[in-house]
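Participant: mind looking at a prediction? Sequence and model below.
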Amino acid sequence: MSGHSKWSTIKRKKGIEDAKRGKIFTKLIKEITVAAKEGGGDESSNPRLRAAISVAKNANMPAANIDKAIKRGTGELPGIVYEEAVYEGYGPGGAALLMFTLTDNKNRTVSELRHLLTKADGSLAGPGSVAWIFEPKGIIRIKKDGVNEDEVFTVAVEAGAEDMQAEDDMYEIITTPENYESLKSALDSSGITIDSAELTHLPSNSKKIEGDDAKKFLHLMEEIESHDDIQNVYSNFDIDDSVIEELASV
């Protein structure tokens, strides 16, 4: 899980999410639109839409934007048709990359992603090359400050959590996608404040990257995440904390 946790830490320290809020809103609108198109506009019966709306609200997206995105998905408002596509590859140093996209032009998207990877001494790979490394999971983060660890652990385990780890100033609770919503509800009902929650993909193994490759890899991660068609990118990279601290402050 090192790559996921460390990348999340870097983004928080560099303020990437806040600095690119406009891009975040664009990605969320795409996800809400596609979720509504596939499963309908009623979030109570559409888990994917419910999860997307939850993330959008946590990002302080205006309710009007959410409503419009849902209506574009259900066809009540006109809008662009997006397709889902998953791409796999390797970054500098050989760590795996799993990239989820929503795009209105797959040819453009794959061409631009190939260019980004090639420029960074990485490469695109065929379907199934790295996807087997990653497993769908839910992650819920709770700030340590003022929170009783034993209480959080007890509530999490009783609600079906698989694991709980301490990461910097946060507790990270890991669960299956199936238990994700019920775990969130259990924590809320216990008065435990959730800092963030997401459905993600965690790697079963890691790839150590050092030296220039580490710097190039993290720069590549930023470029991929900044791409308009990328919804999520996951990796199994493992980079020393000292390098993380150096690059996070740049």
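Facilitator: That came through fine. Residues are numbered from 1 along each chain as shown.

Participant: I'd like to know which elements the longest helix belonging to the chain is packed against.
Facilitator: What stands out as the longest helix in the chain, according to DSSP state H, is helix 21-39. Judged by 3 or more C-beta pairs under 8 Å, 6 or more residues apart in numbering; DSSP states H and E, helix 21-39 is in contact with helix 47-58, helix 63-74, strand 96-103, strand 230-235. Glycine gets a C-beta too; all of them are placed from N, C-alpha and C.

Participant: at 10 Å instead, please
Facilitator: Packing contacts for helix 21-39, counted by 3 or more C-beta pairs under 10 Å, 6 or more residues apart in numbering; DSSP states H and E, involve helix 16-19, helix 47-58, helix 63-74, strand 83-90, strand 96-103, helix 211-226, strand 230-235.

Participant: residue 119 is nearest to which of these?
Facilitator: helix 211-226 (8.4 Å; C-beta to C-beta).

Participant: quick one: contacts for the residue sitting furthest away from the middle of the chain?
Facilitator: For the chain, the C-alpha lying farthest from the average C-alpha position belongs to residue 76; by C-alpha atoms, centre = their mean, that distance is 28.6 Å. If a contact means C-beta atoms under 10 Å, 6 or more residues apart in numbering, then residue 76 has 36, 41, 67, 68, 70 as its contacts.

Participant: adding mean neighbour count and mean pLDDT, write the helices and strands packed on helix 21-39 out as CSV.
Facilitator: Converted to CSV, those look like this (neighbours: other C-beta atoms under 10 Å; pLDDT from 0 to 100):
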stretch, mean neighbour count, mean pLDDT
helix 16-19, 14, 50
helix 47-58, 19, 90
helix 63-74, 18, 95
strand 83-90, 18, 96
strand 96-103, 22, 96
helix 211-226, 19, 91
strand 230-235, 22, 93
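
Participant: out of these, nearest to residue 25?
Facilitator: Nearest to residue 25, of the helices and strands packed on helix 21-39 and by C-beta to C-beta, is helix 63-74 at 6.9 Å.

Participant: how is this protein carved up into domains?
Facilitator: 2-74, 83-127+207-248, 133-203 (automatic domain parsing).

Participant: residue 188 reaches residue 194, doesn't it?
Facilitator: Yes - between residue 188 and residue 194 there is a contact at 7.0 Å, judged by C-beta atoms under 10 Å.
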